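Engineer: Build me a model from this:
(chains A and B)
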Protein chains: 2
Amino acid sequence: MSERIYTAAVIIIGNEILSGRTQDTNLRDIATTLGGWGIRVTQARVIPDIEDVIVATVNEVRARHDYVLTTGGIGPTHDDITAACIAKAFGVELIEHPEIAALIRKRAAPPDVMAARLRMALVPRGAGLIENSTGGPPGFYIGNVYVMAGIPNVMRAMLATLHTKLIGGAVLQSRSVVAYLPESAIAATLGKIQADHPQVDIGSYPFTREGRIGTTLVVRGTSPAVLTAVVTKIKAIVVAAGETPHEQE
Amino acid sequence: MSERIYTAAVIIIGNEILSGRTQDTNLRDIATTLGGWGIRVTQARVIPDIEDVIVATVNEVRARHDYVLTTGGIGPTHDDITAACIAKAFGVELIEHPEIAALIRKRAAPPDVMAARLRMALVPRGAGLIENSTGGPPGFYIGNVYVMAGIPNVMRAMLATLHTKLIGGAVLQSRSVVAYLPESAIAATLGKIQADHPQVDIGSYPFTREGRIGTTLVVRGTSPAVLTAVVTKIKAIVVAAGETPHEQE
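Structural biologist: Numbers count the residues shown, from 1 in each chain, chains lettered A, B, ... in the order given. A predicted model of the protein is given here:
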């Protein structure tokens, strides 16, 4: 277990997310998966299919995080510009990767269709490949930037293969306590618990369920013993406020 | 109809989104709603509940967009720091807003609970209020930054009231054509249509439905006549590729 904290930024590339046409689910999948590997997603950006924006965003965040994961824009059409932008961000040529090209050429197609499909073989010079078990072309990585497809099931297949490539630190564990109380009923005492335990992060999330107001208290940290101590204190303040705390799995 | 393009950035504030615990849906709601008012969401950021990050992000994006909309972090607990961060970003004091405080004091509570609830009355000096029809405390705005709750139904109630506050331009309309073809089958001809019509934005989104591969082609632009011309050309290339195009509502 390392004391070092490993961080990642996620870049969701695609006009369809920013227009509201498509609901992104990739961020949540990536955050949950990396969290389990001891890597914290500390920022996400949703950006349009515009070259200058992609290049600038990639260069800004790759300097500030251990890892950058991108989704979207690696298909065969004119709006798929991610690979070219990553090459530009790294100042390297865009080349046809022989392994991907061979895979694509296995399935015959008319010349114009093949030309379009071969766009998916273009990667920045020096890039390694991210295997795609769904049968389509692979993603790629260069430096600390990992470039994946935007289609959720393809993204998940690529993400799963990164386990051996990304090094993480201590896993942030979390425990949740649910109380049918408004947040304000315990805000003061909860704030004191947070102040006394800076090594954990306590989040308070109000909800309404079947007409009842409640609060979910989420404690996150790397030490199970500290988590248990904090959860015990949280349960006690819920009891003191006249309610029964429920620990959520 | 104005020729000027109005843009907005969305800042989603909250550790629970970055940890993957919660699936954000606010971005999509905001993007769709603003789109209908002629305002384009051109960027979104998901950031943690950390003061320096919130302050820097707000100041960076408010300088570059007509509007900035934030969600999250305006409740009564220690992790609700958005109002204080916005005040800091604008270099103004955080004050108790008399109108919100009066609303909160209407419902009696023990002193420590009332103190916690009154945290929700703190706004940057000079802020105006964003009405909250769900009964809770309002959001607020200062300069071009609009600060809303993170809970989706409360966010939507606040967002609806912004219609009279945010000025938009021409509404970006969209039309979608579905074809049961792989993207690569039409990529070359589609790219030519895009090149011939720079005033529209053509997106190509592959999907698999009941085992069949298909592509949704989305055309967005402000001129209905141009949209119709482009959709007609897209339908023609789908027919030329041997399939039947379906226009989606």
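Engineer: Near the closest residue to A:Ala188 other than its chain neighbours, how many residues? Count them for me, please.
Structural biologist: Nearest residue to A:Ala188, sequence neighbours excluded (C-beta to C-beta, 6 or more residues apart in numbering or on different chains): B:Asp112, at 4.4 Å. Glycine gets a C-beta too; all of them are placed from N, C-alpha and C. Close neighbours of B:Asp112, defined as other C-beta atoms under 10 Å in any protein chain shown, add up to 14.
Engineer: Show me which positions of the helix or strand hosting B:Asp112 end up buried.
Structural biologist: Per DSSP states H and E, B:Asp112 falls inside helix B:111-118. For helix B:111-118, a neighbour-count test (16 or more other C-beta atoms under 10 Å in any protein chain shown) marks B:Val113, B:Ala116, B:Arg117, B:Leu118 as buried.
Engineer: Next: stretch A:159-176.
Structural biologist: Buried, per 16+ other C-beta under 10 Å, within stretch A:159-176: A:Leu159, A:Thr161, A:Leu162, A:Leu166, A:Gly168, A:Gly169, A:Leu172, A:Ser174, A:Arg175, A:Ser176.
Engineer: Run through the residues that contact the residue lying closest to the last one once chain neighbours are set aside.
Structural biologist: Pointing back at A:Ser176 there. In space, and not counting its chain neighbours, A:Ser176 is closest to A:Gln248: 4.1 Å by C-beta to C-beta, 6+ apart. The neighbours of A:Gln248, taking C-beta atoms under 8 Å, 6 or more residues apart in numbering or on different chains as the test, are A:Ser176, A:Val177, A:Val178, A:Thr216.
Engineer: out of those residues, which one sits closest to B:Ile100?
Structural biologist: Proximity of the contacts of A:Gln248 to B:Ile100 (C-beta to C-beta) peaks at A:Thr216, which lies at 24.8 Å.
Engineer: quick one: secondary structure of that closest one?
Structural biologist: Here A:Thr216 is recorded as strand under DSSP: H, G, I helix; E, B strand; the rest coil.
Engineer: quick one, what contacts it?
Structural biologist: Applying C-beta under 8 Å, 6+ apart, we find A:Thr216 in contact with A:Ser176, A:Val177, A:Val178, A:Ser204, A:Tyr205, A:Phe207, A:Gln248.
Engineer: for the helix or strand containing the third one, packing partners?
Structural biologist: Yep, that's A:Val178 we're talking about. Secondary structure from DSSP H and E places A:Val178 in strand A:173-179. Contacts defined by 3 or more C-beta pairs under 8 Å, 6 or more residues apart in numbering or on different chains; DSSP states H and E place strand A:173-179 against strand A:212-221, helix A:224-240, strand A:246-248.
Engineer: Deepest-packed of the ones you listed, please.
Structural biologist: Counting by mean count of other C-beta atoms under 10 Å in any protein chain shown, strand A:212-221 has the highest mean neighbour count of the helices and strands packed on strand A:173-179, with a mean of 20.
Engineer: quick one: A:Val147 from B:Thr25, how far?
Structural biologist: A:Val147 is 26 Å from B:Thr25, where distance means C-beta to C-beta, to the nearest Å.
Engineer: what does A:Gly136 give?
Structural biologist: A:Gly136 is 28 Å from B:Thr25, by C-beta to C-beta.
Engineer: what do you get for A:Ser223?
Structural biologist: Taking C-beta to C-beta, one finds A:Ser223 at 33 Å from B:Thr25.
Engineer: quick one on the thing from earlier: may I see the helices and strands packed on strand A:173-179 arranged in CSV, with mean pLDDT as well?
Structural biologist: Converted to CSV, the helices and strands packed on strand A:173-179 look like this (pLDDT from 0 to 100):
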stretch, mean pLDDT
strand A:212-221, 95
helix A:224-240, 97
strand A:246-248, 93
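Engineer: Pipe these into a markdown table and attach distance to A:Ala102 per row.
Structural biologist: Below are those laid out as a markdown table (distance: least, C-beta to C-beta, whole Å):
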| stretch | distance to A:Ala102 |
| --- | --- |
| strand A:212-221 | 45 |
| helix A:224-240 | 49 |
| strand A:246-248 | 50 |
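Engineer: which among the contacts of A:Thr216 end up buried?
Structural biologist: Counted by 16+ other C-beta under 10 Å, these give A:Ser176, A:Val177, A:Val178, A:Ser204, A:Tyr205 as buried.
Engineer: From what I see, the third one and A:Glu249 are in contact.
Structural biologist: No - counting by C-beta atoms under 8 Å, A:Glu249 is not a contact partner of A:Val178; they are 10.8 Å apart.
Engineer: can you tell me which residues contact A:Val141?
Structural biologist: To be clear, residue A:141 is Tyr; Val isn't right here. A:Ala127, A:Gly128, A:Leu129, A:Ile130, A:Val147, A:Lys165.
Engineer: Just among these, which is most surrounded?
Structural biologist: A:Val147 (28 neighbours).
Engineer: Reduced to three states, what does that one come out as?
Structural biologist: strand.
Engineer: returning to that earlier point: export the contacts of A:Tyr141 to JSON lines and append columns for pLDDT and secondary structure.
Structural biologist: Output for the contacts of A:Tyr141, formatted as JSON lines (pLDDT from 0 to 100; DSSP: H, G, I helix; E, B strand; the rest coil):
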{"residue": "A:Ala127", "pLDDT": "98", "secondary structure": "coil"}
{"residue": "A:Gly128", "pLDDT": "98", "secondary structure": "strand"}
{"residue": "A:Leu129", "pLDDT": "98", "secondary structure": "strand"}
{"residue": "A:Ile130", "pLDDT": "98", "secondary structure": "strand"}
{"residue": "A:Val147", "pLDDT": "98", "secondary structure": "strand"}
{"residue": "A:Lys165", "pLDDT": "96", "secondary structure": "coil"}
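Engineer: Got the domain ranges for chain A?
Structural biologist: Residue ranges for the domains of chain A, per automatic domain parsing: A:6-164, A:173-248.
Engineer: what about the last one, start to end distance?
Structural biologist: Right, the one you point to is domain A:173-248. Length of domain A:173-248, first residue to last, C-alpha to C-alpha, to the nearest Å: 13 Å.
Engineer: Centre of the chain to it, how far?
Structural biologist: 25 Å (C-alpha atoms, centre = their mean, to the nearest Å).
Engineer: just to revisit the earlier point, could I get the buried ones among the contacts of A:Thr216 as TSV with distance to B:Thr32?
Structural biologist: Converted to TSV, the buried ones among the contacts of A:Thr216 look like this (distance: C-beta to C-beta, whole Å):
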residue	distance to B:Thr32
A:Ser176	31
A:Val177	35
A:Val178	31
A:Ser204	29
A:Tyr205	24
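Engineer: and those residues as a markdown table, adding pLDDT and distance to A:Thr33?
Structural biologist: Converted to a markdown table, the buried ones among the contacts of A:Thr216 look like this (pLDDT from 0 to 100; distance: C-beta to C-beta, whole Å):
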| residue | pLDDT | distance to A:Thr33 |
| --- | --- | --- |
| A:Ser176 | 97 | 19 |
| A:Val177 | 98 | 25 |
| A:Val178 | 97 | 25 |
| A:Ser204 | 96 | 25 |
| A:Tyr205 | 95 | 22 |
